[in-house]
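J.: structure of the sequence below:
(one chain, ligands or ions: 1)
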Amino acid sequence: MKIICVGRNYADHAKELKNDLPTTPVLFMKPKSAILLPGKPFLYPEFTDDLHYECELVIRICKNGKYVQARQAHNYYDSMTVGIDFTARDIQREQQKKGLPWEIAKAFDGSAVVGDFIPSPAGGISGDIQFRLDKNGETVQVGITSQMIFSVDKIIEYASQFFTLNIGDLIFTGTPAGVGPVVTTDVLEGYLGDKKLLDVAIR
Ligand code: MG
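T.: Residues are numbered from 1 along each chain as shown. Down below sits the predicted model:
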């Protein structure tokens, strides 16, 4: 399986990182080894001094596909959750400055935290699905799917031109504004609507 991630998919987040708004989805990948196993703490890596959380809606692919049209895309996923795209912001900035790839900043072990999956709406994700991240009991990020620059179905259409979608693949659909650093002892909790689906301690 693979993890396809979308960068800069919310205008307010692109702005907070001083990036231009994209005209096509910004895609990058994480390997399977990036997934943090459920119930495990996240161990703060030694190679960064500026680890950031990015809370995102995550969908799971349920059907293999290539060149999927946006209007058919809802048939290709059946579940969703909240996840965290952990990012070594200091390394990412250095890489960006040099025009180099992001993987060492975003695709390292444990960088893809995934909550418990629940069924996604049968007709696909449209309208206002709200998700949020609490850090130590305080809400730090709130996302609403209608504010995505590229909808889930558009992301699937775009990504499947390049990458065959396989059952079990995950798509991290981008983070809203409010990203920030974590320190050891922090506890992060992710919610979809009022349902808590993710709980991770930083050690
Ligand atoms: Mg992200």
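J.: just the pLDDT for the spatially most central residue of the chain.
T.: Centroid-nearest residue in the chain: Phe172, 3.2 Å away (criterion: CA atoms, centre = their mean). pLDDT recorded at Phe172 is 98.
J.: tell me which helix or strand the residue nearest to it when sequence neighbours are not counted sits in.
T.: Leaving aside its chain neighbours, Phe172 sits nearest to Cys5 (4.1 Å; criterion: CB to CB, 6 or more residues apart in numbering). In short, each C-beta sits where N, CA and C put it, glycine included. Using DSSP states H and E, Cys5 sits within strand 3-7.
J.: circling back: thought the residue nearest to Phe172 was touching Glu103?
T.: No: using CB atoms under 8 Å, Cys5 makes no contact with Glu103, being 10.7 Å away.
J.: more crowded one of these two?
T.: Comparing Cys5 with Glu103 by other CB atoms under 10 Å, the one with more neighbours is Cys5, at 30 against 16.
J.: which SSE is immediately downstream of the lowest-mean-pLDDT helix or strand in the chain?
T.: Least confident helix or strand, the chain: helix 11-16 with a mean of 84, by mean pLDDT, DSSP states H and E. The helix or strand immediately downstream of helix 11-16 is strand 26-30, counting by DSSP H and E.
J.: how far does the next helix or strand after that following strand sit from its chain's centre?
T.: Counting by DSSP H and E, the next helix or strand C-terminal to strand 26-30 is strand 35-36. Remark: strand 35-36 is offset 12 Å from the chain centroid, using CA atoms, centre = their mean, to the nearest Å.
J.: need the contact list for the closest residue to Tyr158 other than its chain neighbours.
T.: Sequence neighbours aside, Pro25 is the residue nearest to Tyr158 in space, at 4.9 Å (criterion: CB to CB, 6+ apart). By CB atoms under 8 Å, 6 or more residues apart in numbering, Pro25 lies in contact with 6, 9, 150, 154-155, 158-159.
J.: and the pLDDT for the residue of the chain most remote from its centre?
T.: Distance from the centre of the chain peaks at Lys98, with 24.1 Å (CA atoms, centre = their mean). pLDDT recorded at Lys98 is 97.
J.: tell me the spacing between it and the ion.
T.: Distance check for Lys98 against the ion: by CB to the ion, to the nearest Å, it reads 20 Å.
J.: torsion angles phi and psi at that residue?
T.: Dihedral pair for Lys98: phi -90, psi 0, per degrees, to the nearest 10.
J.: how close does it sit to Ile35?
T.: Computed as CB to CB, to the nearest Å, the Lys98 to Ile35 distance reads 28 Å.
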